[in-house]
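In: how would this look folded up:
(one chain, ligands or ions: 2)
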Amino acid sequence: MPLLPSFRLLLSRTYFTSAKKRPFQVAIDGPAASGKSTTAKMVAQRLGFDYIDTGAFYRCVTLAALSKGINPSDPSNTGKIASIAGEAQISLETVFPERTTSSASASPPTTRVYLDSIDVSSEIRTAQVSKHVSATAAIGAVREAVLHKVRSIGANDDFAEGAATARDGLVMDGRDIGTVVLPNADLKIFLVANSQVRAERRLQELIKNGADPASGVLQVEDVRKDLEQRDELDRTRKVSPLKKAPDAVELDTSGLTIEGQVDIIVSTVKGLQSRQ
Ligand SMILES: Nc1ncnc2c1ncn2[C@@H]1O[C@H](COP(=O)(O)OP(=O)(O)O)[C@@H](O)[C@H]1O
Ligand SMILES: Nc1ccn([C@@H]2O[C@H](COP(=O)(O)OP(=O)(O)O)[C@@H](O)[C@H]2O)c(=O)n1
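Out: Ligands and ions are numbered 1, 2, ... in the order given. Purely as a prediction, here's the structure:
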């Protein structure tokens, strides 16, 4: 897959190398269902990097609140949700079934998500959690708690020394990775796709994961509205809103295959690494 002009421009820039070599960081941000986590995991697999899904943290806090009968969308519950975020023990485990350097598809990596040692990988993807997660993520104290947790598992500029991350690099996806979490990332990607395409892809994913399309609830229009509402909340919140970092490169996946978008990012990382 030939590189898009914006990626060629990125590779043509001159980079000044710092004396200290830390693992390579790739930040992937973008709106809901633009392909971030699928792409990030496969890029990590191809490059032997670690992967951290930051959305899973906000989803876990939302699930923990809902399971206690606390509605994250009710502003009077802000303090309670912040306490839940502080106390929640969240961990991620990504299994890379077959580390490969070729673009031929291996089985995709899978991420298991644990909340207080319980596997909640499916529960955090329900429509109920999706409906309230943006309200949870708009609370400043929740964002601080999540930032603290992701930093403690290796997402910081010093993570070469003594941190959990042992691989050659890190791919992290979310909404504020390039702007707040990894502001010095070596490569920042802002992944987009038009909302109809995103809704169709997310609908297929929900059906594949067991949602019943005949139930009448799951119409592509409803999924599209849900994604657009969440994007609007994420873009307009005061703390760490969803936005493209000035030094991020936009990649539109609407007309790409998954392999195609992964190839573009992997080639770009390799190009940048060869200049370091
Ligand atoms: N280029 C693509 N073509 C077809 N499906 C895609 C493409 N990119 C991503 N997908 C699918 O779209 C859905 C949403 O992608 P996902 O990675 O979960 O997005 P995000 O992490 O941004 O919410 C997934 O089912 C994924 O497999
Ligand atoms: N870095 C991040 C990651 C997610 N989030 C929030 O968490 C929600 C769920 O993120 P996600 O990545 O799991 O969502 P999808 O794009 O997969 O649907 C987003 O809609 C944001 O409200 C955030 O605010 N900051």
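In: buried ones in the strand or helix carrying R230?
Out: Take DSSP states H and E as the rule and R230 turns out to sit in helix 220-236. Across helix 220-236, burial judged by 16 or more other Cβ atoms under 10 Å covers V223, R224, D226, L227, R230, D231, L233, D234. Backbone N, C-alpha and C define where each C-beta goes, glycine included.
In: what of stretch 128-138?
Out: If you call a residue buried by 16+ other Cβ under 10 Å, then stretch 128-138 has these buried ones: V129, S130, K131, H132, V133, S134, A135, T136, A137, A138.
In: pretty sure A82 is touching A141, no?
Out: Yes. Between A82 and A141 there is a contact at 3.6 Å, judged by Cβ atoms under 8 Å.
In: which one's more surrounded, those two?
Out: For the pair A82 and A141, the greater number of neighbours falls to A82 (19 against 15), based on other Cβ atoms under 10 Å.
In: can you tell me how far the more buried one is from ligand 2?
Out: In this view, A82 and ligand 2 are 15 Å apart by Cβ to the nearest ligand atom, to the nearest Å.
In: on that earlier part again, wait, which of the buried residues of stretch 128-138 is closest to R175?
Out: Top of the list for closeness to R175, among the buried residues of stretch 128-138 and by Cβ to Cβ, is A137 at 7.6 Å.
In: follow-up on the earlier one: from the buried residues of stretch 128-138, pick the one nearest A211.
Out: The nearest member of the buried residues of stretch 128-138 to A211, counting by Cβ to Cβ, is S130 at 11.6 Å.
In: what's the neighbour count on G255?
Out: G255: 9 neighbours (other Cβ under 10 Å).
In: sec struct for it, please.
Out: coil (DSSP: H, G, I helix; E, B strand; the rest coil).
In: now L218
Out: At L218, secondary structure determined by three-state DSSP is coil.
In: give the contact list for it.
Out: L218 is in contact with L203, L206, I207, A211, D212, counting by Cβ atoms under 8 Å, 6 or more residues apart in numbering.
In: show the buried residues in the residues you listed.
Out: Listed as buried from the contacts of L218 are L203, L206; burial here means 16+ other Cβ under 10 Å.
In: within reach of ligand 2, which of the buried residues of helix 220-236 are there?
Out: Counting by Cβ under 6 Å from any ligand atom, R230, D234 from the buried residues of helix 220-236 sit close to ligand 2.
In: among the buried residues of helix 220-236, find me the one that's closest to I52.
Out: D234 (18.3 Å).
In: so what's the residue count around A193?
Out: 22.
In: same check on V26?
Out: 29.
In: secondary structure class for it?
Out: strand.
In: that one contacts G169, correct?
Out: Yes. Counting by Cβ under 8 Å, G169 is a contact partner of V26 at 6.9 Å.
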